[in-house]
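Asks: how would this look folded up:
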Amino acid sequence: MRLLTATIILFAASASFAQAKTQNGGQDIAFTVSMSNPHTHLLEVEMRVTRGLRVWPKEDILIMPVWTPGSYMIREFSRHVQDFAAADGSGRPLEWEKINKNSWRVKTGGVREWRIIYRVYANELSVRTSELTSDHAFWNNPALLMYPEGFLNEPAILRVNPAPGWKVATGLPAVAGEQNTFRAENFDILYDSPVEVSNFKELKFEVRGVPHRIVIDGEGNYNPELLRTIVQRIVETQIAIFGDIPYRDYTFILHLRADTGGGLEHLNSTALGFRRYEFATEDGYRRFASLVSHEFFHLWNVKRIRPDTLGPFDYTKENYTRLLWVAEGITEYYGNLTLRRAGLISDAAYLTQLAANIQSFQETPGRKVMSAEESSFDSWIKFYRPDENSINTSISYYDKGELLGMLLDLEIRRRTNGAKSLDDVMRSLNNDFSKRDRNFTQTDFQKVSEAAAGSSLEDFFARYVRGREELPYNQIFIAAGLSLQQSGNPIENLRETVPEGVPVRAFLGADLDDDDGRLMITRVRSGTPAYEQGLNADDQIVALDGKRVTRATFDERLAEKRPGETIHLTIFRFDDLRTFDIRLGTRVAAPYRIVRLAQPTEQQTHIYRGWMALR
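Replies: The predicted structure is shown next:
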């Protein structure tokens, strides 16, 4: 009741911030978000509806989204809602009831002015969720604001009452003459605009006269000028691909913490998390640049170039698509390639990272079980909920999508002698779908790719996108004068037998971790000696050949063994002591490398230099 009284007073004081008065049946929807006691982690929300003169329904349904676009998992944001109340324009309480997990029915009686208030517990800092502390507030609007059923296309106003000394940053345009007040053309835009409220720092720059800013909350060991330069180069490089800037301004919201990470894309902003002391090395800046690059490319790919079901959204349930390998995977491909094109890394550094990504994917047994399209479709139940067996049954649409994007790019360049590329595919999708407000399908993407290539790509899509066949790295790399190798041998030569002279090591096939002094098996990869001979995830290794081992000493002892030797493992499985005799397998003792041919042809050199943007 104290909250209701406080909000009514607030409403009276803030009534002027609504847009133009309602006319003949129209309505205004306005939110106020306050944070009177930040240490409680409770964000206070008022939603006020003012309607025109026509006859309105006697009751309204208010819905809290269950997920946020860009993060494909049901997150049940309504579990954090408390202290819900409703009143009419004069402050008289209205009857209401909760009708399911994320919906409330308010019996408005057809009045033309009514409002609800509630509080949301916000104590989880990620790019998908919300946090309010004594230091800052950050939230995603789907995790905070309800919408009236049937009115997602209505405009809305958002006013923020910050804690003393705090500023407000969001991608939403400001309402002229109103402090900390913003407008959204509809709820899709409102839900696509996260908000940071704190005493943040700002770094600013312009690209083609358009303002950009980096809003930084938290301390770190970054160099401000270097950070600004990195982000600006990424923005310039990606804008050059598409040729236009589809926004009036852009905001990067960056949270620096001891242990955070990730990013989430939006129409004219992005939320980023990065470890505050990771800027001490060149590799730390590279990882930061890769994160920024990925999220900024989403500005086009997924936010405007939209796969079939991804926008407009249904916020009450899963929105299934088989195209996340394009939306996320090809974005990951461009995110990393942009660093090379922007001159932030060398072509050799890019190839080294690409080879490591290929090796990681090839060492995932799930690649033989799940296709890129299947991984996309099942993201709602698999990607964000991995378990110890996920590596054997699934793949990441980020990982395989990146590799498919790279192979498709090089194949188009090969077929057109470098005249066309995946850039042309993305530009066509932008011009023919995004700018015409059309979503694209799986068939559309293949057809646009074939138009760029000048011939059918059915075999590629059937075998590697819809299918689960091994990716044809060297078959396509040769077009750019490259070869994927391990220990000097093409990868395909190592699949069945190991050539003489290639260094090998003994192989177990179990992933290990130290858990408070206990040596635990975290995953067992299918097809390996550990899997075939009985080891399980969550087994605790006590001894190797009768001697106690730690994480470090186990690796040292295993390195002394030869392929084919038998080791004696003592483990605890739950509370039972067991022993296993495991015959070790064979593994090539060398990383993957992408090697340039000693004497590439003129065409191979042309394709390579075009791909790497070398001048």
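Asks: rest of the way, CA atoms for contacts and neighbours
Replies: Noted.
Asks: which residues of the stretch 51-200 of the chain fall in strands?
Replies: 60-63, 81-88, 96-100, 103-106, 113-121, 131-132, 136-139, 147-148, 156-161, 167-170, 181-184, 195-198 (DSSP state E, counting those that start in this stretch).
Asks: Can you redo those strands as a markdown table, where the extra columns are mean neighbour count?
Replies: Formatted as a markdown table, the strands of the stretch 51-200 of the chain follow (neighbours: other CA atoms under 10 Å):
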| stretch | mean neighbour count |
| --- | --- |
| strand 60-63 | 19 |
| strand 81-88 | 18 |
| strand 96-100 | 13 |
| strand 103-106 | 20 |
| strand 113-121 | 22 |
| strand 131-132 | 24 |
| strand 136-139 | 24 |
| strand 147-148 | 20 |
| strand 156-161 | 22 |
| strand 167-170 | 19 |
| strand 181-184 | 21 |
| strand 195-198 | 24 |
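Asks: and of these, who's closest to D444?
Replies: D444 sits nearest to strand 181-184 of all the strands of the stretch 51-200 of the chain, at 30.9 Å, using CA to CA.
Asks: what sits against the closest residue to L484 other than its chain neighbours?
Replies: Counting by CA to CA, 6 or more residues apart in numbering, L484 lies nearest to I594, which is 4.5 Å off, once chain neighbours are set aside. Listed by CA atoms under 8 Å, 6 or more residues apart in numbering, the contact set of I594 reads L351, T352, A355, L482, S483, L484, Q485.
Asks: Out of the strands of the stretch 51-200 of the chain, the one nearest L337 is which?
Replies: strand 167-170 (28.5 Å).
Asks: now R275: how far from G262?
Replies: Noted for R275: a distance of 10 Å to G262, by CA to CA, to the nearest Å.
Asks: Oh, that last question was meant for N100, not what I typed.
Replies: Remark: distance between N100 and G262 (CA to CA) = 32 Å.
Asks: Which members of the contacts of I594 occur in strands, if any?
Replies: L482, S483, L484, Q485 (DSSP state E).
Asks: Can you flag the buried ones in those residues?
Replies: In terms of neighbour count (16 or more other CA atoms under 10 Å), the buried residues within those are L482, S483, L484, Q485.
Asks: In a markdown table: these, plus distance to L190 and pLDDT.
Replies: Listed next are these as a markdown table, based on distance: CA to CA, whole Å; pLDDT from 0 to 100:
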| residue | distance to L190 | pLDDT |
| --- | --- | --- |
| L482 | 47 | 98 |
| S483 | 48 | 98 |
| L484 | 46 | 98 |
| Q485 | 49 | 97 |
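Asks: where along the stretch 251-400 of the chain do the helices fall?
Replies: 282-297, 324, 331-341, 347-362, 372-377, 390-393, 397-415 (DSSP state H, counting those that start in this stretch).
Asks: ranking those helices by burial, who's on top?
Replies: Greatest average neighbour count among the helices of the stretch 251-400 of the chain goes to helix 324 (a mean of 28), per mean count of other CA atoms under 10 Å.
Asks: any idea of the mean pLDDT in that one?
Replies: Mean pLDDT, computed over helix 324, is 98.
Asks: Remind me what it packs against, helices and strands.
Replies: Applying 3 or more CA pairs under 8 Å, 6 or more residues apart in numbering; DSSP states H and E, one finds that helix 324 contacts helix 372-377.
Asks: can you pull the contacts of L407?
Replies: Contacts for L407 (CA under 8 Å, 6+ apart) come out as Y473, I476, F477.
Asks: Swap in 10 Å and give it another go.
Replies: The contact partners of L407, taken as CA atoms under 10 Å, 6 or more residues apart in numbering, are G401, R413, L422, F460, L471, P472, Y473, N474, Q475, I476, F477.
Asks: Equivalent analysis for H39, please.
Replies: N123, L132, T133, S134, D135, H136.
Asks: rewinding a little: can you check which of the helices of the stretch 251-400 of the chain gets nearest to R615?
Replies: Closest of those to R615 is helix 331-341, at 10.4 Å (criterion: CA to CA).
Asks: per-residue confidence averaged over the closest one?
Replies: Helix 331-341 comes out at a mean pLDDT of 98.
Asks: Output the contacting helices and strands for that helix.
Replies: Helices and strands touching helix 331-341, as assessed by 3 or more CA pairs under 10 Å, 6 or more residues apart in numbering; DSSP states H and E, comprise helix 224-242, helix 282-297, helix 347-362, helix 397-415, helix 602-612.
Asks: go with 6 Å
Replies: Helices and strands touching helix 331-341, by 3 or more CA pairs under 6 Å, 6 or more residues apart in numbering; DSSP states H and E, are helix 282-297.
Asks: re the thing from before, out of the helices of the stretch 251-400 of the chain, flag the one nearest G585.
Replies: With CA to CA as the criterion, G585 lies closest to helix 347-362 of the helices of the stretch 251-400 of the chain, at 17.1 Å.
Asks: next one: that closest one to chain centre, how far?
Replies: Centre-to-centre, helix 347-362 and its host chain are 20 Å apart (CA atoms, centre = their mean, to the nearest Å).
Asks: now swap in stretch 491-500 and tell me
Replies: Taking CA atoms, centre = their mean, the mean C-alpha location of stretch 491-500 is offset from the chain mean by 36 Å.
Asks: And stretch 248-256, by the same measure?
Replies: In terms of CA atoms, centre = their mean, the centre of stretch 248-256 is found 16 Å from the chain centre.
Asks: Give me the contact list for that stretch.
Replies: Stretch 248-256 has contacts (CA atoms under 6 Å, 6 or more residues apart in numbering) with 210-218, 268-276.
Asks: what are the C-alpha coordinates of it, in PDB please?
Replies: The C-alpha trace of stretch 248-256 is given here as PDB (Å, rounded to 0.1, in the frame of the first residue of the first chain):
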ATOM      1  CA  ARG A 248      20.500   8.200 -35.900                       C
ATOM      2  CA  ASP A 249      22.800   7.300 -33.100                       C
ATOM      3  CA  TYR A 250      24.300   4.300 -31.500                       C
ATOM      4  CA  THR A 251      25.100   3.400 -27.800                       C
ATOM      5  CA  PHE A 252      27.500   0.700 -26.600                       C
ATOM      6  CA  ILE A 253      26.700  -0.100 -22.900                       C
ATOM      7  CA  LEU A 254      29.700  -1.800 -21.400                       C
ATOM      8  CA  HIS A 255      29.800  -3.300 -18.000                       C
ATOM      9  CA  LEU A 256      33.300  -4.000 -16.500                       C
END
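Asks: So which bits of it are buried?
Replies: For stretch 248-256, the neighbour count (16+ other CA under 10 Å) marks D249, Y250, T251, F252, I253, L254, H255, L256 as buried.
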